[in-house]
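[1] Pasted the sequence and its predicted model underneath.
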Amino acid sequence: MKFLSLIIITSLHLLNASTPTKLSCDYEFHYYDVVGSIYQCDVDNVLSITSKDQAIIGSASESHYGMRTNSDVSGISMNNKYIQYFPIGLEKIFKNIKLIHAQNNFIQEVDQSDLKHFPELAELNLHNNEIKTIEKGLFDYNPKLVYVSFSNNKIFYIHHEVFDGLKVLTYLYLNSNTCIDKGAYLSRSEVLNVLDYVKSDCLGLEYQKIEEKFKELEDESTDPHIDFKYKLDNLEAEFNRSSVFNLTSIIERLNKLKMMEPKELIEAKRIPCIEYDERDVNDGKSSGIAYEIILILVIAISVALFGSIIFLFVKLNRID
């Protein structure tokens, strides 16, 4: 039923795909354990954000309580709004956001660009969405986060360092995901315990191994015997065999390396290597072929020279 409703609302919303979305807010005071009492926008219109174009928020209703304005809003709740993409532009309307709730939606991904405009963010709740990965750098601009929930998503991968900068994080809910079913609250030590499970169960360490091999290939010191193509092929094969084979960040990085020409790699000082062309690859097979050709030419010349000497010797004997 939830999926059918999404299809119906999405079809209707496509008619206004290019128009920035306006939030219809019901402004209320709410109390939370982490942020205390805050003035909050409870979104009461169906957003149905099914593409990046639709994710742009252009304005919000201003039927505020008393004399308050958008500047007084420090929380926003977008629960049950059929959102597939994280809204863009909220910070231009509400500049002092401390709390974001977007539970029970269809959000597929969230990245650093979605959160970087909220430096005061203390509580983020994305419970019951469709998120599959949490990648490095997601919270680089949100050091004040105390409460984070990704429970009941489809997460199979979490970067092993993504939570390292959150020194005051004391609520972390990762329950009911593909790779982990753990949560912690009111205890920093419990959070650290959950993070140990993240590193062992959510492919963080396996990703780290692949990451280290990329760095080794990119930063390798100058070596005249490096066969870059051979090494890259081996790395790609290992990546495809790993459990992180479908991570977007790795695929993009791999494709970027594959598209670079050897001279571009040298100029970028990323992967020092000697110049080579198609005759220099395949483990020296071309060199072997060249050697065989030269050897055949030497033998042919020697045979021809020896034949000429025999011919002259026979002719001289006849004259005598």
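    Cool, got the structure. Numbers count the residues shown, from 1 in each chain.
[2] quick one: stretch 127-143 to chain centroid distance?
    The chain centroid and the centroid of stretch 127-143 are separated by 11 Å, computed with Cα atoms, centre = their mean, to the nearest Å.
[3] quick check: mean pLDDT across it?
    Average pLDDT, stretch 127-143: 95.
[4] Please read off the pLDDT at I49 from the model.
    Note on I49: pLDDT of 78.
[5] I'd like to know which helix or strand in this protein has the lowest mean pLDDT.
    Among the helices and strands of the chain, helix 262-267 carries the lowest confidence by mean pLDDT, DSSP states H and E, at a mean of 47.
[6] what number of residues lie near F106?
    By other Cβ atoms under 10 Å, 20 other residues sit near F106. (C-beta placed from N, C-alpha, C; glycine too.)
[7] Distance-wise, check it relative to L47.
    Look at F106 and L47: by Cβ to Cβ, to the nearest Å, they are 11 Å apart.
[8] shared neighbours of these two, anything?
    Listed as contacting both F106 and L47 by Cβ atoms under 8 Å, 6 or more residues apart in numbering are 82-83.
[9] if I pick the closest residue to K52 other than its chain neighbours, what's in contact with it?
    In this structure, K52 finds its nearest non-sequential neighbour in Y85, 5.8 Å apart by Cβ to Cβ, 6 or more residues apart in numbering. By Cβ under 8 Å, 6+ apart, the contact set of Y85 is 49-52, 54-55, 107-109.
[10] Just say helix, strand or coil for Y85.
    coil (DSSP: H, G, I helix; E, B strand; the rest coil).
[11] how far away is it from H117?
    16 Å.
[12] Check M78 too.
    Taking Cβ to Cβ, one finds M78 at 16 Å from H117.
[13] repeat for V46
    With Cβ to Cβ as the criterion, V46 and H117 are 24 Å apart.
[14] and if you look at Y65?
    Counting by Cβ to Cβ, the separation of Y65 from H117 is 25 Å.
[15] More neighbours: those two, which one.
    Between Y65 and H117, H117 has the larger neighbour count (other Cβ under 10 Å), namely 16 against 11.
[16] Contacts only, for the more buried one.
    Taking Cβ under 8 Å, 6+ apart as the test, what H117 contacts is 90-91, 141.
[17] where in the stretch 151-300 of the chain is pLDDT low?
    Scanning the stretch 151-300 of the chain for pLDDT under 70 picks out 204-208, 211, 218-229, 239, 241-250, 253-254, 257-291.
[18] where along it do the helices fall?
    188-201, 204-219, 228-241, 248-259, 262-267, 285-319 (DSSP state H, counting those that start in this stretch).
[19] Quick one: mean pLDDT over stretch 302-309.
    The model assigns stretch 302-309 a mean pLDDT of 72.
[20] quick revisit: what's the pLDDT at the residue nearest to K52?
    Model confidence at Y85, given as pLDDT, is 91.
[21] And it, how close does it get to D111?
    11 Å.
[22] now H160
    17 Å.
[23] Ok, K154 next?
    16 Å.
[24] Then E161?
    Applying Cβ to Cβ, the value for E161 to D111 is 15 Å.
[25] again, but for I251
    15 Å.
[26] Quick check: bridge partners of L172?
    Here L172 sits in beta bridges with V148, A184, as judged by DSSP bridges.
[27] ok, it - contacts?
    Here L172 is in contact with 148-149, 163, 183-185, 191, 194-195 (criterion: Cβ under 8 Å, 6+ apart).
[28] Also P119?
    Counted by Cβ under 8 Å, 6+ apart, P119 has contacts 141-144.
[29] average pLDDT across the host helix or strand of I38?
    Under the criterion of DSSP states H and E, I38 resides in strand 36-43. When pLDDT is averaged along strand 36-43, the result is 96.
[30] What pairs with it, parallel or antiparallel?
    With DSSP bridges as the test, strand 36-43 is paired with strand 25-32 (antiparallel), strand 75-77 (parallel).
[31] Quick one: distance of the shortest one to the chain centre.
    Between the mean C-alpha location of strand 75-77 and the chain-wide mean there is a distance of 27 Å, by Cα atoms, centre = their mean.
[32] who's in contact with it?
    With Cβ under 8 Å, 6+ apart as the criterion, strand 75-77 contacts 30, 32, 35, 38-43, 90, 94, 97-101.
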